[in-house]
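In: need a structure here:
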Amino acid sequence: MISGKISVSGSNEAYGSISLYSGGLLGYAAASSGLITIIGSHSSGDVSVTNTGTDAYSGGLVGIVTNTIRIEGSHSIGNVSSVASSSATSYSGGLVGGVDNSATIVDSYSSGDVVSSGYSGGLAGWINNSATVVNSYSSGNVAGTSNSGGLIGTANGTTIINTSYTSGNILGSTAGGLVGSVSIKITINDSYVSGNVSTSGSGNAGGLIGNASANSSTTISNSYVSGNISASYFGGIFGYLRRGTSADMTSVYYKAEGASSAVGRDSSLAGTLGYLGVSSVRNPDLKKQETFIDWDFSEIWGIDATKNSSYPYLRVFYEEGAGSSSSSSSTTPSSSSDGDTTPSSSSFGGGGTIYTCQLATGCIQASIADCLLISGSIVAVCQESSSSSSEGTNARHLPGEIASSNQATQIHNGINLQTTSNAVVEIYDLNGNLISKQNFGSGIYNVSLGHLPKGLYIAKAKFGSEKHILRIPVR
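Out: Down below sits the predicted model:
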């Protein structure tokens, strides 16, 4: 057991070619008794793992736990990241990266950004058995190239979530406001999501759950989603309900402006009756107590124009003497999605970390969010490709103009390039295909993409070791 208000500050970073574990308190935790308990402890430093060999685990408190773990009254405020080789998997969690058994998280929170080249969760990246989350929250952004969840990336066992929430933005190939992917059974009571949820490629995104596995069962009551959801398949509550899945919902709400339906993709029979118990509600009505039928606004919920952007809030996180965040104004809930805009990669943090992004044509350096947008994958070691495009860009040199610094900025249907020596500009489509590559000498240039089909393109400008990445719309 770890207790007594243990505090750890300073960054923890690991790099190697074997399985690596990095945590704010412990990298690897195992106990002969079968139970590990962490009480009243916290970590404030960033935690990261880069692994060129096999799997990587990174957690704000613990990297990986092989036994059952209970985390109570604890928190982490640093950013967490993990990157594994292309043949392995990485797991990042705001509190714990991976749990190979069961986990209970009570009165705890994470406020840093969580990113990985695999599974990411605001509290836990992966839990292999049962999971219970009570009176806990995550307020940082979460991004990964596999399952990403505001609280849990992947939950493989019976899962219970009570009086908990997430407020950061979520991005992954499968993404859920609370849980990225669930198996067996999940129960959610009195919880909410206020951040935006999105995926890259042909993924599934859900306001509460990204993917409900075949033959699983879901029970949700007195919960809501005020964020915006976007993906190939997206729903206000579920991204994908698979065959044999049951969904029992009571007094559940999602923002009408944020999703067009409760479920993005349904192979089950749950939708044959119209998803009873779930309602699509206009944003202004999500701020009215009368909208929420049979909710307990005396003990569990509150609603106040001065709190939580006027949306219902959980009293446990605001009232003195209750919850882990009541004593700190910096950890109180906030809503990032009051408007009707869809999420963008600029919404995602990760401490500003740049990773190696593997594309079909080679590699670029990019954030996890930018890499996902161009259908790349985060890798520890690049597999270079000999293929390239001989097609040039339409570039116009501006004579008489002298560049004072290296810059690449967006202009209409192109970029303005300023280089003091030499530069290389590469243009990619959103599938990661290299469209063009051109070398430039010192000077100022307008590089036009107007000859390309309408759409969004990624421009990478390299000035030696300095790199700029822009998203350029062609209209």
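
In: Spell out, range by range, the helices that occur in the stretch 201-350 of the chain.
Out: In the stretch 201-350 of the chain, no segments count as helices under DSSP state H, counting those that start in this stretch.

In: what about it, any weak spots by pLDDT?
Out: Segments of the stretch 201-350 of the chain classed as low confidence (criterion: pLDDT under 70) are 201, 268-274, 320-350.

In: the strands in it, which residues?
Out: For the stretch 201-350 of the chain, the strands defined by DSSP state E, counting those that start in this stretch occupy 209-212, 217-225, 229-230, 233-235, 238-241, 246-255, 263-266, 278-281, 301-302, 313-314.

In: Would you format the ones you listed as TSV with mean neighbour count and distance to Gly176 included?
Out: (Glycine included, C-beta is placed from N, CA and C.) What follows is the strands of the stretch 201-350 of the chain, written out as TSV (neighbours: other Cβ atoms under 10 Å; distance: least, Cβ to Cβ, whole Å):
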stretch	mean neighbour count	distance to Gly176
strand 209-212	33	4
strand 217-225	23	10
strand 229-230	26	10
strand 233-235	26	10
strand 238-241	32	7
strand 246-255	21	13
strand 263-266	23	11
strand 278-281	20	15
strand 301-302	18	22
strand 313-314	22	19
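
In: could those go into CSV alongside distance to Leu430?
Out: Below are the strands of the stretch 201-350 of the chain laid out as CSV (distance: least, Cβ to Cβ, whole Å):
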stretch, distance to Leu430
strand 209-212, 21
strand 217-225, 27
strand 229-230, 14
strand 233-235, 17
strand 238-241, 20
strand 246-255, 27
strand 263-266, 20
strand 278-281, 29
strand 301-302, 41
strand 313-314, 38
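
In: Quick one: closest of the ones you listed to Ile364.
Out: With Cβ to Cβ, the closest approach to Ile364 among these belongs to strand 229-230: 23.6 Å.

In: Please state the offset of the closest one from the chain centre?
Out: From the chain centre to the centre of strand 229-230 is a distance of 13 Å (Cα atoms, centre = their mean, to the nearest Å).

In: Direction included, what does it pair up with?
Out: Here strand 229-230 has these sheet partners by DSSP bridges: strand 197-206 (parallel).

In: Next, the angle from the strand it pairs with to strand 217-225.
Out: 140 degrees (axes from the mean of the first three to the mean of the last three Cα atoms, to 10 degrees).

In: Pull the residues that contact strand 197-206.
Out: 150, 169-177, 207, 210-211, 227-240, 263-265, 342-343, 372-373, 375 (Cβ atoms under 8 Å, 6 or more residues apart in numbering).

In: and if you look at stretch 100-109?
Out: So stretch 100-109 is contacted by 34, 64-75, 94-96, 123-124, 127-139, 157, 323-325, 331 (Cβ under 8 Å, 6+ apart).

In: how far is that stretch from where the chain is centred?
Out: 19 Å.

In: my read: Ser310 touches Lys287, true?
Out: Yes - counting by Cβ atoms under 8 Å, Ser310 touches Lys287, with 4.2 Å between them.

In: any common contacting residues for the two?
Out: Common contacts of Ser310 and Lys287, defined by Cβ under 8 Å, 6+ apart, comprise Ile303.

In: one step back: could you tell me which of the contacts of stretch 100-109 are located in helices?
Out: Among those, none falls in helices (DSSP state H).

In: Would you list the buried entries among those residues?
Out: Buried residues within the contacts of stretch 100-109, defined by neighbour count using 16 or more other Cβ atoms under 10 Å: 64-75, 94-96, 123-124, 127-139, 157, 323-325, 331.

In: Tell me the buried residues in stretch 73-88?
Out: Going by neighbour count (16+ other Cβ under 10 Å), the buried part of stretch 73-88 is 73-85, 88.

In: got the CA positions of it in CSV?
Out: This file holds the C-alpha atoms of stretch 73-88, laid out as CSV (Å, rounded to 0.1, in the frame of the first residue of the first chain):
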residue,chain,number,x,y,z
GLY,A,73,-8.0,10.3,-3.0
SER,A,74,-5.1,10.7,-5.4
HIS,A,75,-4.3,12.7,-8.5
SER,A,76,-1.8,13.5,-11.3
ILE,A,77,-1.5,16.8,-13.0
GLY,A,78,1.4,16.1,-15.5
ASN,A,79,1.2,15.1,-19.1
VAL,A,80,1.5,11.4,-19.9
SER,A,81,2.7,9.8,-23.2
SER,A,82,3.9,6.5,-24.5
VAL,A,83,5.2,5.3,-27.9
ALA,A,84,5.9,1.7,-28.8
SER,A,85,7.4,0.1,-32.0
SER,A,86,5.0,-0.6,-34.9
SER,A,87,4.9,-4.3,-33.9
ALA,A,88,3.9,-3.6,-30.3
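
In: I'd say Ile444 and Ile402 touch.
Out: Yes - applying Cβ under 8 Å, one finds Ile444 in contact with Ile402, separated by 7.5 Å.

In: Between those two, which has more neighbouring residues?
Out: Ile444 (19 against 10; other Cβ atoms under 10 Å).

In: how close does that one sit to Ile127?
Out: Noted for Ile444: a distance of 53 Å to Ile127, by Cβ to Cβ, to the nearest Å.

In: Next: Ala175.
Out: Distance from Ala175 to Ile127, by Cβ to Cβ: 17 Å.

In: Now do the phi/psi pair for Ser191.
Out: Phi and psi for Ser191, reported as degrees, to the nearest 10, are phi -140, psi 160.

In: From here on, call the first residue 33.
Out: Fine by me, first position is 33 from now on; the one you just mentioned is Ser223.

In: Distance of it relative to Tyr60?
Out: 31 Å.

In: Those two: which has the busier surroundings?
Out: Counted by other Cβ under 10 Å, Ser223 and Tyr60 do not tie: Ser223 has more neighbours, with 26 against 15.

In: Is that one in contact with Gly209, as I believe?
Out: No - using Cβ under 8 Å, Ser223 is not in contact with Gly209, being 9.2 Å away.

In: which residues are in contact with both of the two?
Out: Leu240.

In: Tell me which helix or strand comes right after the helix or strand Gly185 falls within.
Out: According to DSSP states H and E, Gly185 maps onto strand 184-187. Remark: after strand 184-187, the chain's next helix or strand is strand 191-194, criterion DSSP H and E.

In: Would you mind putting the CA coordinates of that next one into PDB?
Out: The C-alpha coordinates for strand 191-194 follow below in PDB (Å, rounded to 0.1, in the frame of the first residue of the first chain):
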ATOM      1  CA  THR A 191     -17.300  -1.800 -15.600                       C
ATOM      2  CA  ILE A 192     -19.200   0.600 -13.300                       C
ATOM      3  CA  ILE A 193     -18.900   4.400 -13.600                       C
ATOM      4  CA  ASN A 194     -20.800   6.600 -11.000                       C
END
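
In: pLDDT on it, on average?
Out: Averaging pLDDT along strand 191-194 yields 98.
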